[in-house]
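Asks: Build me a model from this:
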Amino acid sequence: ENKEFYYGIGVEEEFAGVLDIKESEYVHYYPEQLRLYMCVPSRSSQILTYEVLQPAFDYMEKNNFRKIATITLFESAVQWYCFLLYGTAAGTVFNKVFFSQTGNGTTALILSYMSFAIGYIAGPFGAIFFGHIGDRKGRKVTMYASLLMMGISTSIIGILPPAASAGVGVVIVLQLMRLAQCFGRGGTWGGGILMAYENVPENKRSFYAAIPQIGLPIGFGLSSILIAVPTLLLPEDIFFTWGWRIPFLAAIILTVIVIRQKGEMMETEDYKKAQAKLEAEEAEGKKHKVGFIPMVKGYWKTLLLGCGTRWVDGTFYNIFIVWILSYCINWLGMPLIQTYIITIIACIFKIPFTLFGGWCAQKLGNTRTFVIGALASAVLSIPTLKVIELSKGNLAITIIGIVLGWSIAYNLIWAVISSLWSSYFETEVRYSGISFVYHVPSFLVAGMVPTICTLLINYGKGDTIYVGIYSTVVALISAACALALKARHDRGEK
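Replies: Model prediction:
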């Protein structure tokens, strides 16, 4: 089985009972060397066949997969924490700290959301830059650089003075930090997904690729908690002076921790095989096609349809988690602390349903799971928004509406998009491909959504029907794109 064995006298107590052979014949696995070290008494007559060692191989595999899942989940949670913290603050804090000089609450909120949306412009450039590096230099090193950029820029936001005392210059710095944050995120999402997807067998990939997606509710829940606690404990004037800064300053600490953990992971198996193949081709004098340009030339139709599937993801997230916060405050009269409670509970429900979505993708297939999720989202969009509207600010009813629309129906989409897109790109261009699909259309399909919904809700004078129609149409279009992608792939087309 291509394993190296070393024989000697001794006992590895960590594996007591793992093998059903002699008392002191155990196995120790070192991930950094990818070897099995056998400690066997010299007088043993036991024949160490593959069948005898099968329990040890199973233990090694489960232990390695568990480590991959844990590290990629932690990394994903930190990147989402940094990214979503800005979105939470944009609807509840930044409109008052950095944009209150406009003198109009609605204008300040729109400008705050625009600062959130403009960051999405940097995402595609980060995706192109880091995706290209990830395909040429490896997944692991790319993760270090992109995640560190996110952590530093997020923490700098936490030390910016308010616009009332510093003037318009601080708003420019705020926007530059948001751009740097989103540029870095152009490499973190794809890298985290591939560290999970490419390190496990094909029959487990859909499920394991869903695990980093749990980082969204964990990161969002953590960011909401770290903003909610100061909101609850501090007087309002103190919270808007320095209380809101605490979660932003915590970002660099979390980033350093995850980078240290990431150092324990190996480069992905798929990438190492692809590199060996490319080196062999270079030795034969053949030109290899790796990175962004070959990906665009070879997969442009897949990219277009993939961006279509991204539309429902960006729309539903930004409606039910970003925009809905300001709607609850400004139209339903709910207090700020209740909006944080809503997001925390919605995130708690999202975690098991993300795992359920990964399980469905493993059993039913990526496309079928995606389409079911898109159709369910289309059917429930208008009713769930109406439930929230008619609740008149009732916390329990509002939570039910958001959990149904975001944590359950839409979650089949969220759980499967990572493995869906990864399966359509070859290893040599996969980092560039999935990063492109996720980030390039983001400004239009995600970043602009809170602003569009704010305009629609003002047009409807508080009626959510127009937002519901908008999201329903988007979900149906994305379902059609997913079916078209599957049809092309079945025909062997890129």
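Asks: Now the one residue sitting closest to the centre of the chain. Its backbone dihedrals?
Replies: Nearest residue to the geometric centre of the chain (C-alpha atoms, centre = their mean): Q213, 4.8 Å. The phi/psi pair for Q213 (degrees, to the nearest 10) reads phi -70, psi -20.
Asks: so it touches I413, yeah?
Replies: No - assessed by C-beta atoms under 8 Å, Q213 is found out of contact with I413, at 10.2 Å. Using the backbone N, CA and C atoms, a C-beta is placed for each residue, glycine as well.
Asks: and the next element down the chain from the helix or strand hosting K67?
Replies: Assigned by DSSP states H and E, K67 belongs to helix 50-92. For helix 50-92, the following helix or strand on the C-terminal side (DSSP H and E) is helix 94-97.
Asks: Can you show me the CA trace of that following helix as CSV?
Replies: These are the backbone C-alpha positions of helix 94-97, laid out as CSV (Å, rounded to 0.1, in the frame of the first residue of the first chain):
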residue,chain,number,x,y,z
PHE,A,94,-20.7,52.5,11.2
ASN,A,95,-23.7,54.5,10.0
LYS,A,96,-23.4,56.4,13.3
VAL,A,97,-19.7,56.4,13.9
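Asks: what's the following helix or strand after it?
Replies: Once the chain leaves helix 94-97, the next helix or strand it forms, by DSSP H and E, is helix 105-137.
Asks: Show me what the mean pLDDT comes to for that following helix.
Replies: For helix 105-137, the mean per-residue pLDDT is 87.
Asks: What are the buried residues along that helix?
Replies: For helix 105-137, the neighbour count (16 or more other C-beta atoms under 10 Å) marks 108-120, 122-124, 126-136 as buried.
Asks: Ok, stretch 376-394 next?
Replies: Buried residues in stretch 376-394 (16+ other C-beta under 10 Å): A376, S377, A378, L380, S381, I382, T384, L385, V387, I388, E389, S391.
Asks: Reformat the residues you listed as TSV; add secondary structure and pLDDT.
Replies: Listed next are the buried residues of stretch 376-394 as TSV, based on DSSP: H, G, I helix; E, B strand; the rest coil; pLDDT from 0 to 100:
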residue	secondary structure	pLDDT
A376	helix	95
S377	helix	95
A378	helix	96
L380	helix	94
S381	helix	94
I382	helix	95
T384	helix	95
L385	helix	95
V387	helix	94
I388	helix	95
E389	helix	94
S391	coil	92
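Asks: Distance to I253 added to these, as JSON lines?
Replies: JSON lines is the format used below for these (distance: C-beta to C-beta, whole Å):
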{"residue": "A376", "distance to I253": "39"}
{"residue": "S377", "distance to I253": "36"}
{"residue": "A378", "distance to I253": "41"}
{"residue": "L380", "distance to I253": "39"}
{"residue": "S381", "distance to I253": "38"}
{"residue": "I382", "distance to I253": "42"}
{"residue": "T384", "distance to I253": "37"}
{"residue": "L385", "distance to I253": "38"}
{"residue": "V387", "distance to I253": "39"}
{"residue": "I388", "distance to I253": "35"}
{"residue": "E389", "distance to I253": "40"}
{"residue": "S391", "distance to I253": "38"}
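Asks: Which member of those residues is positioned nearest F94?
Replies: Closest to F94 out of the buried residues of stretch 376-394 is I388 (23.4 Å), distances taken as C-beta to C-beta.
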